[in-house]
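Novice: Quick one, what's the 3D model for this:
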Amino acid sequence: MDNSATITLRNVETSDISVFFEQQLDPEANRMAAFVRKDRHDRAVFDAHWKRIMDSTGTVKKTILRREEVADHISCYPQDGELEVIYWLGKKPCGKGVATQALKKLLQEITHRPLFARVAKDNIGSIRVLQKCDFKIIGENKDFAQGRGEETVDVQYFATGVLAAERPRL
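Specialist: Residues are numbered from 1 along each chain as shown. I've put the predicted structure just below:
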């Protein structure tokens, strides 16, 4: 089944944030994501975090919709003088191509390059998403991962050009 027609991005609405909160509580998703907030169970802290995101003019923040249902979010934000891409999906749409399609749509919207991303080295699903969107490995780092309660290797990626599928054929 082709999910691309069913995936849309729209600006985050305040009502989406409750869905984001519930989905980020999943222990399995936190382990997979690894680098999550320590205080993720505190709704007031979560809401304050999202208020800062919503108020930030330098952050692109999109809700991922799958067949009009909130799948979760994808963002691009300034980090240490570079632009970094992050995404989070609830358990239900994982493994169905939703993150790949959402990232491809975001990359069409954001023309600045390079863009950066990082992912736990053993998060195969997210690694495949980045590879399908032409992100390349630039390094590894070991850091404490709140989602695992231990040091974890993360891999840094970057994207410099347009997706292979969008390149003109010669």
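Novice: Stretch 54-62: end-to-end distance?
Specialist: End-to-end distance for stretch 54-62: 10 Å, by C-alpha to C-alpha, to the nearest Å.
Novice: Give me the average confidence score over it.
Specialist: Average pLDDT, stretch 54-62: 94.
Novice: Run through the residues that contact Ala33.
Specialist: Applying C-beta atoms under 8 Å, 6 or more residues apart in numbering to Ala33 gives the contacts Trp88, Ala120, Asn123, Gly147. Glycine gets a C-beta too; all of them are placed from N, C-alpha and C.
Novice: okay if I get these as TSV plus neighbour count?
Specialist: Converted to TSV, the contacts of Ala33 look like this (neighbours: other C-beta atoms under 10 Å):
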residue	neighbour count
Trp88	17
Ala120	21
Asn123	19
Gly147	21
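Novice: Out of those residues, which two are the most distant from each other?
Specialist: The largest separation in these, counting by C-beta to C-beta, is between Trp88 and Ala120 at 13.3 Å.
Novice: Tell me where this structure has helices.
Specialist: In the chain, the segments counted as helices under DSSP state H are 16-23, 27-33, 43-55, 98-109, 124-132.
Novice: tell me the angle the first one makes with helix 43-55.
Specialist: It refers to helix 16-23. Angle, helix 16-23 to helix 43-55, by axes from the mean of the first three to the mean of the last three C-alpha atoms, to 10 degrees: 130 degrees.
Novice: Show residues contacting helix 16-23.
Specialist: Contacts of helix 16-23 (C-beta under 8 Å, 6+ apart): 29, 43, 46-47, 50, 63, 70, 72-73, 88-91.
Novice: Looking at the residues you listed, which is nearest Gln156?
Specialist: Gln156 lies nearest to Trp88 out of these, by C-beta to C-beta, at 18.2 Å.
Novice: Confirm for me that that closest one is in contact with His73.
Specialist: Yes - Trp88 lies in contact with His73 (C-beta atoms under 8 Å); the separation is 5.9 Å.
Novice: which residues in the chain form strands?
Specialist: 7-11, 60-66, 69-79, 82-89, 115-120, 136-145, 150-159 (DSSP state E).
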